[in-house]
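Novice: sequence and predicted structure below; questions after.
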Amino acid sequence: MVSEREGAPTTWAMEADGSGLRRLQGPPGALFPAAADPLGTHALAVSAVELEDGSHAEQLWLIPLAGGESVALSPPAGKIRNPSWAADGSWLAFESDALSYRDLFRVQRDGTDRVRLTDAVHGSFEPDVSRRIAFGTSRDGNAEIYTMSADGGDVRRLTDHASDDVHPRWSPDGEELAWISLRIGRFQVFVSDGRGAPKAMREADPEAVDLDLAWSPDGEHVAVTVQTGPKDVHIEVVARATGAIVGVLDGPGPDEHPAWSPDGEWIAFSSSREGAPAIYLSTPQGQHTKRISEGTDWLVRWLPRHGA
């Protein structure tokens with residue numbers, strides 16, 4: 001998670017009950033956690049440093065949870081965004097503006113064999129790795145969803161609509177893809193198995209705007225971050241099979257950044273319901289909610305236990 005308890009935002013780790021809190025010893029500068037390491041041994045994080053000339057540099061790092069030397073996975077760039085792991089944790093894809101407006105790269109876990117996967121003038125972004133890599137790109141005008149093989153070949157267009165389609169996320173089994181689309185006049189989660197027309201995942205409040213989504217480990221539910229007003233942000237848990245909303249995580253302040261526990265029994269999320277942002281746990285049904293951090297904490301990631 002990100003914590004500002006010592007001033008600048010840095011990456012911290014703790015157990016699910018809030019014990020064992022510790023700051024990770026990574027590179028200098030602000031440090032923001034990224035996609036959870038499938039092996040559970042490291043934290044993936046993006047560092048952000050303000051340079052003497054007033055410019056801004058970001059870099060992707062792999063930081064051992066048990067201590068030791070961090071590994072740089074990318075060169076410095078103005079923006080490093082949306083890293084996504086292969087299922088076995090051996091490599092990942094990420095978005096960078098190091099060589100262009102925005103393109104996708106692949107790198108091995110040890111920082112070697114970094115290759116450029118896309119080269120599109122208008123940008124490629126938000127990769128999500130499964131059997132294929134899903135990603136957004138504006139190469140044909142507005143943002144659409146494409147897929148490609150792990151080496152950047154066999155590029156296929158998935159969506160074709162006059163409105164933007166962004167933020168693709170594979171189901172855990174790689175059989176379905178969910179994304180956020182503007183095709184009904186506001187951003188909403190759509191889903192497709194590639195064989196039929198895309199469908200809205202649920203019947204949403206007409207005032208709702210979907211900001212983010214996270215599949216449950218078994219693929220049966222999706223946690224959707226929903227905005228209904230300037231500061232009205234909550235999380236809806238949707239049953240994939242029926243589109244029914246089975247749980248709502250909604251306190252007095254914004255509730256966001258849902259992260260499923262590896263067993264699917266809990267959702268960790270950040271909430272400002274008691275003032276400054278902190279980390280909470282809830283069941284997917286919105287029950288048994290409890291606060292597990294006491295600092296200014298947000299952007300939680302749930303790591304599998306190493307060796308489990």
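Specialist: Now that the structure is in, tell me what you want to look at. Residues are numbered from 1 along each chain as shown.
Novice: for residue 163, which non-adjacent residue is closest in space?
Specialist: residue 182 (4.0 Å; C-beta to C-beta, 6 or more residues apart in numbering). All C-beta spots, glycine's among them, are computed from the backbone N, C-alpha and C.
Novice: what's the distance between that neighbour and residue 142?
Specialist: 9 Å (C-beta to C-beta, to the nearest Å).
Novice: and the two? Which one has more around it.
Specialist: Taking neighbours as other C-beta atoms under 10 Å, residue 182 and residue 142 compare with residue 182 leading, 17 against 14.
Novice: check contacts around the more buried one.
Specialist: Residue 182 makes contacts with 163-165, as judged by C-beta atoms under 8 Å, 6 or more residues apart in numbering.
Novice: let's see the pLDDT reported for the residue nearest to residue 163.
Specialist: pLDDT recorded at residue 182 is 95.
Novice: now the common contact residues for residue 182 and residue 142.
Specialist: Joint contacts of residue 182 and residue 142 (C-beta under 8 Å, 6+ apart) are 163-164.
Novice: now stretch 170-183: buried residues?
Specialist: 170-172, 176-183 (16 or more other C-beta atoms under 10 Å).
Novice: between the two ends of it, how far is it?
Specialist: Distance between the two ends of stretch 170-183: 20 Å, counting by C-alpha to C-alpha, to the nearest Å.
Novice: same thing with stretch 140-147?
Specialist: 14 Å.
Novice: list the residues that contact the residue nearest to residue 267 when sequence neighbours are not counted.
Specialist: Closest residue in space to residue 267, ignoring its immediate chain neighbours: residue 258 at 5.0 Å, by C-beta to C-beta, 6+ apart. Neighbour list for residue 258: 212, 214, 223, 225, 235, 249, 267-269 [criterion: C-beta under 8 Å, 6+ apart].
Novice: mind running it again at 6 Å?
Specialist: 214, 223, 235, 267, 269 (C-beta atoms under 6 Å, 6 or more residues apart in numbering).
Novice: make JSON lines out of the residues you listed and add pLDDT.
Specialist: As requested, the contacts of residue 258 are exported to JSON lines (pLDDT from 0 to 100):
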{"residue": "214", "pLDDT": "98"}
{"residue": "223", "pLDDT": "98"}
{"residue": "235", "pLDDT": "98"}
{"residue": "267", "pLDDT": "98"}
{"residue": "269", "pLDDT": "98"}
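Novice: out of the residues you listed, which is most surrounded?
Specialist: Most surrounded of the contacts of residue 258: other C-beta under 10 Å gives residue 267, at 28 neighbours.
Novice: right, and that residue touches residue 283 too?
Specialist: No - in this structure residue 267 lies outside contact range of residue 283 using C-beta atoms under 6 Å: 7.5 Å.
Novice: from residue 164, how far off is the residue nearest to residue 163?
Specialist: For residue 182 relative to residue 164 (C-beta to C-beta), the value is 5 Å.
Novice: and what of residue 216?
Specialist: On the measure of C-beta to C-beta, residue 216 and residue 164 end up 26 Å apart.
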